[in-house]
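Enquirer: sequence first, predicted coordinates after that:
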Amino acid sequence: MFVLDGIHGPADLRRLDREELDALASEIRSFLVSTVSRTGGHLGPNLGVVELTVALHRVFDSPQDAIIFDTGHQSYVHKILTGRKDGFATLRQAGGLSGYPSRDESAHDIVENSHASTSLSWAEGLAKARRLTRAGGVVVAVIGDGALTGGMPWEALNNIAVQRDLGLVIIVNDNGRSYTPTVGGLATRLTALRTDPRYELTLRRIKEDLPKAPVIGKPAYDLLHAIKTGVKDITATQGLFSDLGIKYVGPVDGHDVLALEHALTAAKNFGEPVIVHCITQKGRGYKAAEENTEDHFHAVGKIDEATGVPLAGAVRPTWTDAFGDELVRIGTQRSDVVAITAAMLHPTGLGRFRSLFPDRTFDVGIAEQHAVASAAGLAQGGLHPVVAVYATFLNRAFDQVLMDVALHRLGVTFVLDRAGVTGPDGASHNGMWDLSILQVVPNIAIAAPRDTPTLRAALRRAVEIADGPSVVRFPKQEATEPIPAERQEGPTDILLTSDEPAILVVGYGPMAATAIRVGKRLRQHGLGATVVDPVWALPVAPELVALCARHELVVTIEDNSVVGGAGARLMVELAEAGVRTPVLPFGLAPEFLPHGDRADLLARARLTPQPIALAATEALLSIREGEPTGRAVDAGEGTIRTPTAE
């Protein structure tokens, strides 16, 4: 019988001896490789925190002691140990287990953290609340995978340091990496702690000599091996944390359960905030992950369990690939173009640009606010920065886009990967807010290309804009087949022309393909439909306004929130121009989407041809009969309110 089979909750861990704990760690790693290779997910980070998570649940009494995981993608082991092992076959699938902590799944999940660098602020606030309400229990924050390169943890630490009566333990999971090797002064300092040869030499001598001492040798070794305080004080400069005035324990071997338990128990009983510095290895125990020096299998799709090779067939180019290739072409022609990313060099397609132009590529760590403000400085200095981030992460730097870039009328291009519905990573990772949030930025230009040729053209135009921010957004999936335009009216591409204009269907970004199918359905029902792609959602082209004026109804389709999105902006522009054509906007309802397949989520939101065409047909008939079209259109779990015809 496997040890793992007998683990149904944290209490089951406390009866295990050292041999059983070692066996459990091995079984958990085998289970993770077996299941995640079938579903895809964050494999490398979880392989690295097996012993650490086991020790956490042996020392702390979850959920009375609250365990908060920063970022949350390293919570798989936590889920296994809190009774959710049987759900891993459905990991990241619709209706299945979330890839991040989920309060709907378990009382052991305190914070649904899936954006980095927030755990210490959460923990500080929760610990204060427990102090004020006398609720008891310790709050534990697990932070690592590059999250300390963000600014928020240091703001939190600054406040934690002056509150001696907080029951708060901070676990620094130091694996030297985020997606790729962690960058910056903090990473350099932590590396110095890990690699100081005097530390390793002293520890080795302790291991060899102290256990030989009669009577006290073994107990003394266990204590010193666990806490390592004496060795630490002699061999390593701890100014990084001790200057904050917070008790420091470590470095501790993050794969030694006994050492971890001693350190965590000491921290738990201290009664004041304590930092426990744990050294772990990302991808540990899986040869394919250990040997993958790029990211140690940080996140994988479906892979061969034995080799780690992706199971998918021939890999088709992605939107990200097209962006990366085009930026290299632009960079070759223009020496003023530089690239910035926030710990996502390869995921955002900047790897090749860096290999060719290392001095013009800047990875600032998980620090989106700094990335944008730094881009403003680069632009002020005469360069044209291209800031490449996931669409959902630009939300974190909105103030810098508004006040540092737009206010100063600086030419900075933002490339938003994973825009729209991304799917398996769940609510926090869908890029469904950028079109709405950025609408309010003065003098901003936003492109939503429908295919890779329009992406390349949009990027070239974006880097030519020198008097304000420009944005190019595109989705996660493989690149679609090019969609040629029949003709153009100004910058607006006409994808489907009608001799009897009745309904104008406007498709933004990849939803242009859906718009074409909607137009063809309308034609099958005898309704003249013109389908267009503005390419640039902002500014709204006068030619698009004129097209709207020549039709009886305008239908807009976007994979962004319908509230304040591109369709809503078009309605405002039409009203200002005196165009009275009613607009029927389709987009995502203002709600957080569950995890699942992109196609399924779009169907759930009724962003598919059949329901859109049906709603458009009914709206047009109402207009022709002189009836108001202001009614609720079903949008899955939410509703979209259509405008009223005048």
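Expert: Received the coordinates, thanks.
Enquirer: give me the secondary structure label for Glu573.
Expert: At Glu573 the chain is in helix, as set by DSSP: H, G, I helix; E, B strand; the rest coil.
Enquirer: pLDDT score for Thr90?
Expert: Per-residue confidence (pLDDT) for Thr90: 89.
Enquirer: what's the closest non-adjacent residue to it?
Expert: Gly96 (2.5 Å; Cβ to Cβ, 6 or more residues apart in numbering). Yep, even glycine has a C-beta here, placed from its N, CA and C like the rest.
Enquirer: assign the residue lying closest to Met511 once chain neighbours are set aside to helix, strand or coil.
Expert: Using Cβ to Cβ, 6+ apart and skipping the chain neighbours, the partner closest in space to Met511 is Ile557 (4.5 Å). Following three-state DSSP, we place Ile557 in the strand state.
Enquirer: okay, now the domains of the chain?
Expert: Structural domains annotated on the chain: 3-196+236-290, 319-473, 498-641, as defined by automatic domain parsing.
Enquirer: spatially central residue in the chain, please.
Expert: Central residue of the chain (Cα atoms, centre = their mean): His429, 4.9 Å from the mean position.
Enquirer: check contacts around the residue nearest to Thr90.
Expert: Gly87, Ala89, Thr90, His595 (Cβ atoms under 8 Å, 6 or more residues apart in numbering).
Enquirer: export the residues you listed to a markdown table and append columns for secondary structure, neighbour count and distance to Ala406.
Expert: Shown next, in a markdown table, are the contacts of Gly96 (DSSP: H, G, I helix; E, B strand; the rest coil; neighbours: other Cβ atoms under 10 Å; distance: Cβ to Cβ, whole Å):
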| residue | secondary structure | neighbour count | distance to Ala406 |
| --- | --- | --- | --- |
| Gly87 | helix | 15 | 45 |
| Ala89 | helix | 12 | 47 |
| Thr90 | helix | 14 | 43 |
| His595 | coil | 25 | 33 |
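Enquirer: list the buried residues for stretch 602-610?
Expert: Neighbour counts over stretch 602-610 (16 or more other Cβ atoms under 10 Å) mark Leu602, Arg604, Ala605, Arg606, Leu607, Thr608, Pro609 as buried.
Enquirer: which helix or strand contains the closest residue to Arg456 other than its chain neighbours?
Expert: Leaving aside its sequence neighbours, Arg456 sits nearest to Glu326 (Cβ to Cβ, 6+ apart; 4.5 Å). Using DSSP states H and E, the element containing Glu326 is helix 319-333.
Enquirer: what residues of that helix count as buried?
Expert: Buried residues in helix 319-333, counted by 16+ other Cβ under 10 Å: Trp319, Thr320, Asp321, Ala322, Phe323, Gly324, Asp325, Glu326, Leu327, Val328, Ile330, Gly331.
Enquirer: check stretch 26-44 too.
Expert: Going by neighbour count (16+ other Cβ under 10 Å), the buried part of stretch 26-44 is 27-29, 31-33, 35-37, 39-44.
Enquirer: what does it contact?
Expert: The contact list for stretch 26-44, computed with Cβ under 8 Å, 6+ apart, reads 2-4, 46-47, 50, 54, 73-74, 76-77, 80, 85, 88-93, 99, 282-286, 289, 292, 295-305, 308, 424.
Enquirer: and if you look at stretch 371-386?
Expert: 327, 334, 336-342, 362, 364, 387, 389, 397, 400-401, 404-405, 408, 410-415, 463, 466.
Enquirer: related to what we said a few turns ago, just the contacts of stretch 26-44: which are in strands?
Expert: When DSSP state E is applied, those are split such that none fall in strands.
Enquirer: filter these to the buried ones?
Expert: Buried by 16+ other Cβ under 10 Å: 3-4, 46-47, 50, 54, 73-74, 76-77, 80, 85, 88, 91-93, 99, 282-286, 289, 292, 295-300, 303, 305, 308, 424, out of the contacts of stretch 26-44.
Enquirer: re earlier: just flag the most distant two among the buried residues of stretch 602-610.
Expert: Spanning the widest gap among the buried residues of stretch 602-610 are Arg604 and Pro609, at 14.9 Å by Cβ to Cβ.
Enquirer: near the closest residue to Ala391 other than its chain neighbours, how many other residues are there?
Expert: Once flanking residues are discounted, Ala391 sits nearest to Gly431: 2.7 Å by Cβ to Cβ, 6+ apart. A count of nearby residues for Gly431, using other Cβ atoms under 10 Å, gives 26.
Enquirer: same deal with Lys128?
Expert: Lys128: 17 surrounding residues under other Cβ under 10 Å.
Enquirer: what about the helices in the stretch 201-350 of the chain?
Expert: For the stretch 201-350 of the chain, applying DSSP state H, counting those that start in this stretch gives helices covering 217-227, 229-235, 239-242, 257-270, 287-290, 319-333.
Enquirer: mean pLDDT for these: which is lowest?
Expert: Out of the helices of the stretch 201-350 of the chain, helix 229-235 stands lowest, with a mean of 38 (criterion: mean pLDDT).
Enquirer: touching, Glu558 and Gly567? I think so.
Expert: Yes - using Cβ atoms under 8 Å, Glu558 is in contact with Gly567, at 6.1 Å.
Enquirer: give me the common contacts of the two.
Expert: Residues within reach of Glu558 and of Gly567 at once, by Cβ under 8 Å, 6+ apart, are Tyr508, Pro585, Phe586, Gly587.
Enquirer: what about the third one, distance to Lys85?
Expert: When Cβ to Cβ, to the nearest Å is the yardstick, Phe586 and Lys85 sit 40 Å from each other.
Enquirer: between Glu558 and Gly567, which has more neighbouring residues?
Expert: Shown here are Glu558 and Gly567; by other Cβ under 10 Å, Glu558 has more neighbours (29 against 26).
Enquirer: just give the nearest non-adjacent residue to that one, would you?
Expert: With sequence-adjacent residues excluded and distances taken as Cβ to Cβ, 6+ apart, Glu558 is closest to Tyr508, at 4.2 Å.
Enquirer: show me the contacts for that neighbour.
Expert: By Cβ under 8 Å, 6+ apart, the residues touching Tyr508 are Leu435, Ala448, Asp533, Pro534, Ala537, Thr556, Ile557, Glu558, Asp559, Asn560, Ala566, Gly567.
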